[in-house]
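>>> Quick one, structure for this:
(one chain, ligands or ions: 1)
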Amino acid sequence: MKILLTHVDYIEYEAKKKAIEAAENIEHEKERVEECLVAFCSSEEGDDESVIQKTADEISKVARQVNTKTVVVYPFVHLTSKPAKPQAALDTVKKIEEILKKDYETHRAPFGWYKSFELKSKGHPLSELSREIVPGKQAEIKKVQQKIGKPTLRSEAQVEEYSEHDHRRIGKDLELFMFHETAPGIPYWLPNGLIVLNKLIDFWREEHAKRGYKEIAAPLVNKSDLWVTSGHWDHYKENMFIADMGDNEIYGVKAMNCPNAMIVFGSKTRSYKDLPLRLSDTDVLHRYELSGTLSGLLRVRAFRQDDSHNFITEDQIEDEYERILEIVELFYGIFGMSYKFRLGTRPDSFMGDIETWNKAEASLRKILDAKVGSGKYLVAEKDGAFYGPKIDILMNDALGREWQMGTIQLDFQIPKKFNLKYVDSSGEERTPVVIHRVIYGALERFIGILLENCKGNLPLWLSPVQVKVLTLTDRNIDAAEKIHKQLLKNGIRSELDSRNNTIQYKIRDGELCKIPYLLVIGDKEEESNTLAVRPRGAKPQFGVNPEEFLAKLLKDIEAKK
Ligand SMILES: [Zn+2]
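Sure, this is the predicted structure:
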């Protein structure tokens, strides 16, 4: 499918004469549509359902961007050199029209006619775009669409309400992250955002060290041999960034941490006494997601996971899952965000034998039945990883769309592929089982969901700036500086605003930056050695003792408030 999109003041078309036998019968020969997005569509051989959906999505996306409520689907064979057969092409445009009708006033120009047309393009940057939409990866596209769903924001109030939650807007307003066209889907972390990311990782690191996890870091670029061994070359290559360095040296950019963790496990002789061996890491991963599916931080092409590969014996499966689920409860409890579990079973493209799969699936069902109760979790048939079944943790964004966050995957296959062994208590060599697990999931996505859920009002411990000290007049600069430095010395992320603006202006500025505490220092505070504290979203407090304020801050940060 090739499409050409034009945002116009108007389009007028007139059916003149049948161009093909299969031309459809029409009621109106002539039509004029004002202020609309015109989508010229050329159906091509091989276009399938995924192409229809994706074309409609693309048209819909641009219509939203140019803020029009009217769309004209215009069959236009001349964009392609390999057109679909007429009946198939007509069916395709009709289906696209049907999908668009749900959200837009949709017109369609007659199919199979010679038409004259006149239009007036608006000439802004988004007013002319062309796209090629190819079939293939159909299952994946469907899956992605199922997961993303489509925002249906009809009223202006809904649009306004969502925009307050939209993590992309929050990220821009609070200067957390940005994107650049030279790296589509790959976020730049700005200083404020990197604080949030690092704090989440610090917390993860502390809690996992307490539980016997050992952190590693591994090569980000690996020879294709590694991915062949792990099975990813067969099952995942199309989603990887590949570097062909010539002389038969082909490298794959790390898209998942598993193979490298296997290499570390296999680098020395392991005994049953070493198990569970929990090798954790947060290396940056790259995946070539389809450009149409990229969505702020929620679907990106580069991200970090709070990953770990836990090598265990078969007897340790349930106990290890139990320990991991405890971490899930701790982490998700801290953020007060609700979540659900979903079991993913054997996909069509799987590795290994069915008996082992059945055993693994039964183990996970048993664990979930015990944890949340039979029937109280979702089951996604065929959604397991190719190497084993999994338990996913799902959360909603501000639009109510469901996203996969953490995942705990059981794997009997990849350790075999890497010929991993440990020596059991009777001196026999055995293959370990591995649990691949992430709790936050992709940290980028987790931050996106977190921002949407709290509208950018991050908890104190994660806020890039925790306190801002504002001077009432220039006379108070020294006193304000002293307090600011005292806070910094105690590890509080403080900023000083001693600009020569009105206090109302400075307060408003601090509020827009969603800073948890604003301190106003005026003559009164200076004389009495107290603070005027404005907590975010609450009434100001006057005459606050500075030591008590600091003690409360440190206590709340420690408690991850
Ligand atoms: Zn893994």
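
>>> drop to CA atoms for contacts and neighbour counts, all remaining ones
Fine.

>>> so how far is residue 186 from the residue in the chain positioned nearest to the ion?
Closest contact between the chain and the ion, by CA to the ion, is at residue 258 (3.7 Å). Residue 258 sits 22 Å away from residue 186, going by CA to CA, to the nearest Å.

>>> what's around residue 161, how many residues?
Neighbour count of residue 161, defined by other CA atoms under 10 Å: 14.

>>> give the contact list for it.
Residues near residue 161 by CA atoms under 8 Å, 6 or more residues apart in numbering: none.

>>> Which secondary structure element is home to it?
helix 156-165 (DSSP states H and E).

>>> Same question for the following helix or strand past that helix: list its buried residues.
Later in the chain than helix 156-165, the nearest helix or strand by DSSP H and E is helix 167-173. The neighbour-count check on helix 167-173 (16 or more other CA atoms under 10 Å) flags 167, 168, 169, 170, 171 as buried.

>>> so the third one touches residue 163, yeah?
Yes. Residue 169 is in contact with residue 163 according to CA atoms under 8 Å; the separation is 7.1 Å.

>>> and the helix holding residue 161, average pLDDT?
What helix 156-165 shows for mean pLDDT is 72.

>>> And stretch 345-361, by the same measure?
Averaged over stretch 345-361, pLDDT sits at 87.

>>> List of residues touching it?
Contacts for stretch 345-361 (CA under 8 Å, 6+ apart): 235, 379-390, 410, 412-413.

>>> Out of those residues, which sit inside strands?
379, 380, 390, 410 (DSSP state E).

>>> need those in a markdown table with neighbour count, pLDDT and distance to the ion, can you?
Shown next, in a markdown table, are the ones in strands among the contacts of stretch 345-361 (neighbours: other CA atoms under 10 Å; pLDDT from 0 to 100; distance: CA to the ion, whole Å):
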| residue | neighbour count | pLDDT | distance to the ion |
| --- | --- | --- | --- |
| 379 | 16 | 94 | 21 |
| 380 | 16 | 93 | 20 |
| 390 | 27 | 94 | 11 |
| 410 | 27 | 91 | 10 |
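
>>> out of those, who's nearest residue 214?
residue 410 (19.3 Å; CA to CA).

>>> Can you tell me how far the closest one is from residue 278?
Residue 410 is 14 Å from residue 278, by CA to CA.

>>> can you check residue 208 too?
Distance from residue 208 to residue 278, by CA to CA: 9 Å.

>>> Which one's more surrounded, the two?
Neighbours per residue, other CA under 10 Å: of residue 208 and residue 278, the larger number sits with residue 278, 23 against 17.

>>> dump the residue contacts of the more buried one.
Contacts of residue 278 by CA under 8 Å, 6+ apart are 212, 213, 214, 308, 309, 310, 311.

>>> Now list the buried members of these.
213, 214, 308, 309, 310, 311.

>>> Who does the first one form a beta bridge with?
For residue 213, the beta-bridge assignment (DSSP bridges) gives partners residue 278.

>>> what do you get for the last one?
The residues paired with residue 311 through beta bridges, assigned by DSSP bridges, are residue 277, residue 434.

>>> circling back to that earlier point, which of the buried residues of helix 167-173 are close to the ion?
Filtering the buried residues of helix 167-173 for proximity to the ion by CA under 5 Å from the ion leaves nothing.

>>> got the contact list for residue 13?
With CA under 8 Å, 6+ apart, residue 13 has these contacts: 30, 31, 32, 109, 115, 116, 117, 118.

>>> Sorry, wrong one. I was asking about residue 95.
Residue 95 neighbours (CA under 8 Å, 6+ apart): residue 52.

>>> same question, residue 364
Contacts of residue 364 by CA under 8 Å, 6+ apart are 343, 389, 390, 391.

>>> Assign residue 46 to helix, strand or coil.
What DSSP: H, G, I helix; E, B strand; the rest coil gives for residue 46 is coil.

>>> Which pLDDT value belongs to it?
82.

>>> what does the stretch 401-550 of the chain put close to the ion?
Counting by CA under 5 Å from the ion, the stretch 401-550 of the chain sits next to the ion at residue 436.

>>> If we use 8 Å, what do you get?
409, 435, 436, 437 (CA under 8 Å from the ion).

>>> what about stretch 120-131, average pLDDT?
Across stretch 120-131, the average pLDDT comes to 69.

>>> Please identify the residues of this structure in proximity to the ion?
So far as CA under 8 Å from the ion goes, the chain lies against the ion at 256, 257, 258, 259, 261, 307, 308, 309, 409, 435, 436, 437.

>>> pretty sure the second one contacts residue 284?
No. With contacts counted by CA under 8 Å, residue 257 stays clear of residue 284, the gap being 9.1 Å.

>>> Residue 5: neighbour count?
24.

>>> ok but it is inside a helix, no?
No. Counting by three-state DSSP, residue 5 is not found in a helix; it is strand.

>>> Provide the partner residues of it in its beta bridges.
Beta-bridge partners for residue 5, by DSSP bridges, are residue 39, residue 129.

>>> Show the pLDDT at it.
So residue 5 comes in at 86 (pLDDT).

>>> where's it relative to residue 293, distance?
To residue 293, residue 5 is 19 Å away according to CA to CA.

>>> same deal with residue 240?
16 Å.

>>> Please say which of these two ends up with more neighbours.
Using other CA under 10 Å as the criterion, residue 240 and residue 293 rank with residue 240 on top: 20 against 17.

>>> List the contacts of the more buried one.
Residue 240 neighbours (CA under 8 Å, 6+ apart): 252, 253, 254, 255, 286, 287, 288.

>>> again with residue 12
So residue 12 contacts 30, 31, 32, 33, 117, 118, 119 (CA under 8 Å, 6+ apart).
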